[in-house]
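>>> Generate coordinates for the sequence data below:
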Amino acid sequence: MVRRQIGRRRAPLVEGLKSASASRGRMDRFQDRLAASAERAGSWLCVGIDPDPDQFPAGLGAEDTMEWSLGVVEAVGDVACAVKPNAAFFEALGRIGHEALEELVARMPPGLPVILDGKRNDIGHTAHKYAEAAFDELGADAVTVTPYLGRDTVAPFAEYEDRGVFLLARTSNPSAKDFQDLPVDAAGTPLYQHVARKAMEWNAQWRNLGLVAGATYPDELTVLRTLCGDGVPLLLPGVGAQGADPKETMRRGADTSGRFAVVNVGRAVLYADAGEGWRDTVRAHAQRFAASLSSPRS
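As a prediction, this is how the structure comes out:
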């Protein structure tokens, strides 16, 4: 049975987004909200929010994680289609980090989707608890999930029909090939392609699945977009500090309408300035990436 849960109500953070959201109203599907946000921003830039106090601007420490996170969102909110807080960075800070993540999501403008990056999953009842934590308690719009335990462990996330689920397919790290390129049939089909095909079988029912596909592997990215077809969001890490080219990533990752290539940039936006003007620098770097991540077919 398909579940539909509405997360906690958000207090607006960026006024321009508040107005856009109010005029549109709540959309049922994550893909619809994501596409509307990209149209509003004019870009498919997703900004990763990875709080590392060792890299914070001068004068800010771990206790300022909430201030820093909110400052990033205020700087990039009108040029990004989504933000992606990485749970590990918040959780490593203990109570301060947990409270900062909760407050960040609670104060996010409704027009800016939140993708919780946690690579969650486990068997049966544990997967249900991971889904409840991400969607019911935190109120995230989407979450990253490992698919390698199979369909019954993806179901607890996908049954939230108004939320998005990004399944790991071909990740951006150097040793991704250790397992993801292993052939799984007589034809030599690599595992990551089998994951994509299986995910699209599941998506015929749920219609809210996407894939994580590393922009650092452009040829594999092209294959994954072909396997997914149109309307399926791809979350694309690897642009910025990892060196992938943003325009090439958009060209290969977008569907035939030029949409749904959600290009994540983290460190290259977040930590370019340690001085008092860090917010302006964050915004300038986000604008630069956003300009290169408009639809390649517009």
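>>> Got the phi and psi for the residue positioned nearest the centre of the chain?
The residue lying closest to the centre of the chain (Cα atoms, centre = their mean) is residue 115, at 4.1 Å. Recorded main-chain torsions at residue 115 are phi -100, psi 110, according to degrees, to the nearest 10.
>>> so what's it up against?
Contact partners of residue 115, counting by Cβ atoms under 8 Å, 6 or more residues apart in numbering, are 46, 82-85, 140-144, 164, 166, 235, 262. For the C-beta atoms, the positions are set from N, CA and C on the backbone; glycine is no exception.
>>> Over to stretch 35-50 now: how far is its first residue from its last?
One end of stretch 35-50 sits 24 Å from the other (Cα to Cα, to the nearest Å).
>>> mean confidence score for that stretch?
Mean pLDDT, stretch 35-50: 96.
>>> And for stretch 61-76?
On average, the pLDDT along stretch 61-76 is 96.
>>> where does the residue of the chain positioned farthest from its centre land in three-state SS?
Taking Cα atoms, centre = their mean, the residue of the chain most remote from its mean C-alpha position is residue 186, at 34.1 Å. Secondary structure for residue 186, judged by DSSP: H, G, I helix; E, B strand; the rest coil, is coil.
>>> How are the helices of the stretch 51-200 of the chain distributed by residue range?
For the stretch 51-200 of the chain, applying DSSP state H, counting those that start in this stretch gives helices covering 65-76, 87-91, 95-106, 124-131, 151-158, 177-180, 191-206.
>>> Would you mind confirming that residue 69 makes contact with residue 102?
No: using Cβ atoms under 8 Å, residue 69 is not in contact with residue 102, being 10.9 Å away.
>>> rewinding a little: looking at the helices of the stretch 51-200 of the chain, which is closest to residue 255?
Nearest to residue 255 among the helices of the stretch 51-200 of the chain is helix 191-206; the distance by Cβ to Cβ comes to 13.1 Å.
>>> Convert the C-alpha atoms of the next helix-or-strand element following that closest one to CSV, please.
Next along the chain after helix 191-206, taking DSSP states H and E as the criterion, comes strand 209-213. Listed next in CSV are the C-alpha coordinates belonging to strand 209-213 (Å, rounded to 0.1, in the frame of the first residue of the first chain):
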residue,chain,number,x,y,z
LEU,A,209,13.0,6.9,-8.1
GLY,A,210,16.2,8.6,-9.4
LEU,A,211,19.8,7.5,-9.5
VAL,A,212,23.1,8.8,-8.2
ALA,A,213,25.5,8.9,-11.1
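>>> Show me what the next helix or strand after strand 209-213 is packed against.
For strand 209-213, the following helix or strand on the C-terminal side (DSSP H and E) is helix 218-228. Contacts defined by 3 or more Cβ pairs under 8 Å, 6 or more residues apart in numbering; DSSP states H and E place helix 218-228 against strand 164-170, helix 191-206, strand 209-213, strand 234-236, helix 246-253.
>>> averaging pLDDT over each of the ones you listed, which comes out lowest?
Mean pLDDT, when computed for each of these, is lowest for helix 246-253, at a mean of 93.
>>> can you give me how far that one is from the chain middle?
16 Å (Cα atoms, centre = their mean, to the nearest Å).
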